[in-house]
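[1] dropping the sequence and predicted coords here.
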Amino acid sequence: MIALILHNLLAYSEQIAILIAIAALLSAILKLTASARLHGLQLLLAACVALPFLQPWRIPAAKSAVTVTTTVLSNLTPSTTAPDQWQPSMLQVIAAVLAAGILVRLTLLGLGMVRLRRYIDRARLIPSAFRIEKERIGVWPDILASDELRGPVTFGLFRPAILIPSRWITSETVAYHELIHVQRRDWAFTVVEEFIRALLWFHPGVWWLIGQIQLAREEVVDRKVVQLMQSRERYLDTLLAIAEAKAGLDLAPAPLFLKKRHLRQRVAALLKEVNMSRVRIRSSLAGFAAVLAVASWMATRSFPLEAAPQVRDAPGVTVHVDESKLLHRAAVRYPVAAMQKGIQGTVVVEATLDQNGEVTDAQVLSGPQELRNAALESILKWHYDKDSGIPAKVQIAIDFALPAGEPKSPASTPFASTAITRIEMGPMSEALRNKVAAQLQLQIGDQISSSDIANLNTRLSAIDEHLRAGAKPSRDGNGVMLAIGLSDGPVYTSAEPAVSPIRIRVGGNVQAVNLINKVTPTYPPDAKQARVQGTVRFTATIGKDGHILNLDLVSGHPLLVPAAQEAVQQWVYKPTLLNGNPVEVITQIDVNFTLSQ
């Protein structure tokens, strides 16, 4: 879960970076007025915040495979190891740093609020201050004089107030500047901006963007004050005087009269007149918004956000489990035979987990016999988060309740609504396979009917007219296998019998106990002479009778592989039973070759 969150946070940061970079370039090219630039940058900030909610999230298929290792040692002296101690992973450290940064920034905002309240409590209310200016602007905030502040501060939304140092209480320039902030309700925008900055404190582009928004806002207010006073020189004198008084105390989220880093840009903006017609301003903003929309589309397609794999259980199935402690789980199907018989109830299963959080064994504690296999088949493919403090054994309850309506009989309708137990794709190119996967929208455990197959064939035909999909029911009537392929390849129909052996993956320790005939590999002389040692790893498929059906080499030195393969192929295990029935097993086998010292 942490990995998915950080992956999405990185993708989201890249999306924001693209938008901000393009907006900065456009702003420099268009040379917008302060007011137009402010609206454009505020639109950009709103787009950045809305991106996760407006874009489609990519939903990967739910993973159901579980990889477990069976280790066999050859010529290796056993050694004792200390018990494992929990150590945070790099991803956990990164997540903790990000969360701590957000907490610190929010704490600073809270402290700013508390500090403002203290200044207010110690300030003097002056009802008669700025009466003429208030009437001219049309706002009536409280005016408070403070001997502790070096620069004026405006804050409050429903009951605004202006805190002014005592030496500036008669300044017309300061009065107009702060009253215009009140009129524009800039305090509310500033609070929102600082909150966004706190959440995205790690992104330098967000800091730049919010700084530019606040600068543009001050330039807009500066220009309005100059128009009211009809004197640019007097306003500049006040700016420089406040700067000389070092009125740069940060009281975020309250907008200050002057931030030192903005002084040069504000003075330059006042000295340089930038006039644009309304038509040009509107056309520039429209172009800015259009480019921003295109950039947003490109950014979200280039760096898509990824949702957690969606597990869709069969209708009527309710799984009682803490999903936050699961890395992934398989969907639970409702056996058609049980539905036809009207069987429902709750199956309670006790699952055994290995050190990686994977389910290595499961035992049904209670529940209807006809529903037990469906619960076990799903739970044996689950994978818990080992860092979530999950115990070695967990109990899981799965409710099976008959959905509304009687289930249709497979005999009367060849593609009656039932669950998919297997999906196969015939030979096709990788590019075509990816396109098919994007249109599939189905996964193991989903209910499927004849209309679903017809709709799927319609979508496949739009990709390639030779593609077609079909399904075949399983022999026990507990589901269907969905097959997709080209018209010249094998695609099953409802009339064909099902051949779909049940395979499960078994934990290393459990499978090692079942080994009844082990042939020890002989150390190859060439490898000894060359001082070659190491591990040969196989993925093994063990048949229902316990014999090795297939060995796929994963890794290993070429001088060691033949000896390991020849020995492992002769191994025999006790048959693995699932509710009394033998099943095929997939596991991992490691053969270690170690030279004596």
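    Okay, I see it.

[2] what pLDDT does Val206 get?
    Listed pLDDT for Val206 reads 92.

[3] tell me the SS of it?
    What DSSP: H, G, I helix; E, B strand; the rest coil gives for Val206 is helix.

[4] and if you look at Ile444?
    Strictly by three-state DSSP, Ile444 counts as coil.

[5] now it. Nearest residue, chain neighbours left out?
    Ile420 (5.5 Å; CB to CB, 6 or more residues apart in numbering). Where C-beta positions appear, they are placed from N, C-alpha and C, glycine not excepted.

[6] what's downstream of the helix-or-strand element of the chain with minimal mean pLDDT, the next helix or strand?
    Ranking every helix and strand in the chain by mean pLDDT, DSSP states H and E puts strand 69-74 at the bottom, with a mean of 38. Counting by DSSP states H and E, the next helix or strand C-terminal to strand 69-74 is helix 90-122.

[7] buried ones in that following helix?
    Within helix 90-122, the residues scored as buried using 16 or more other CB atoms under 10 Å are 95, 98, 105, 108-109, 112-113, 116, 119-120.

[8] equivalent analysis for stretch 282-296, please.
    284-285, 288, 292, 295-296.

[9] kindly report the same for stretch 233-246.
    Using 16+ other CB under 10 Å as the test for burial, stretch 233-246 gives 235-236, 238-239, 241-243.

[10] which parts of the longest strand seen in the chain are buried?
    Counting by DSSP state E, the longest strand found in the chain is strand 581-593. Across strand 581-593, burial judged by 16+ other CB under 10 Å covers 583-593.

[11] adding pLDDT, write those residues out as a markdown table.
    Listed next are the buried residues of strand 581-593 as a markdown table, based on pLDDT from 0 to 100:
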| residue | pLDDT |
| --- | --- |
| Val583 | 78 |
| Glu584 | 83 |
| Val585 | 83 |
| Ile586 | 84 |
| Thr587 | 85 |
| Gln588 | 84 |
| Ile589 | 86 |
| Asp590 | 85 |
| Val591 | 88 |
| Asn592 | 88 |
| Phe593 | 87 |
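
[12] end-to-end on stretch 384-399?
    Terminal residues of stretch 384-399 are spaced 20 Å apart (CA to CA, to the nearest Å).

[13] swap in stretch 382-397?
    Note: stretch 382-397 ends 14 Å apart using CA to CA.

[14] again with stretch 527-541
    Using CA to CA, the end-to-end distance of stretch 527-541 comes out at 27 Å.

[15] what's the average pLDDT for it?
    Stretch 527-541 comes out with an average pLDDT of 87.

[16] which residues touch the helix or strand hosting Val182?
    Taking DSSP H and E as the criterion, Val182 maps to helix 172-184. Applying CB atoms under 8 Å, 6 or more residues apart in numbering, the external contacts of helix 172-184 come out as 129-130, 133-134, 137-139, 141, 152, 154, 160, 162, 164, 168, 187, 217, 221-222, 224-225, 228-229, 234-235, 238, 255, 257.

[17] can you say which of those are buried?
    Looks like these have 129-130, 133-134, 137, 139, 141, 152, 154, 160, 162, 164, 168, 187, 217, 221-222, 224-225, 228-229, 235, 238, 255, 257 buried, using 16+ other CB under 10 Å.

[18] tell me the contacts of Val139?
    Residues in contact with Val139 (CB under 8 Å, 6+ apart) are 160, 179, 182-183.

[19] Leu125: how many residues sit nearby?
    Per other CB atoms under 10 Å, the neighbour tally for Leu125 reads 11.
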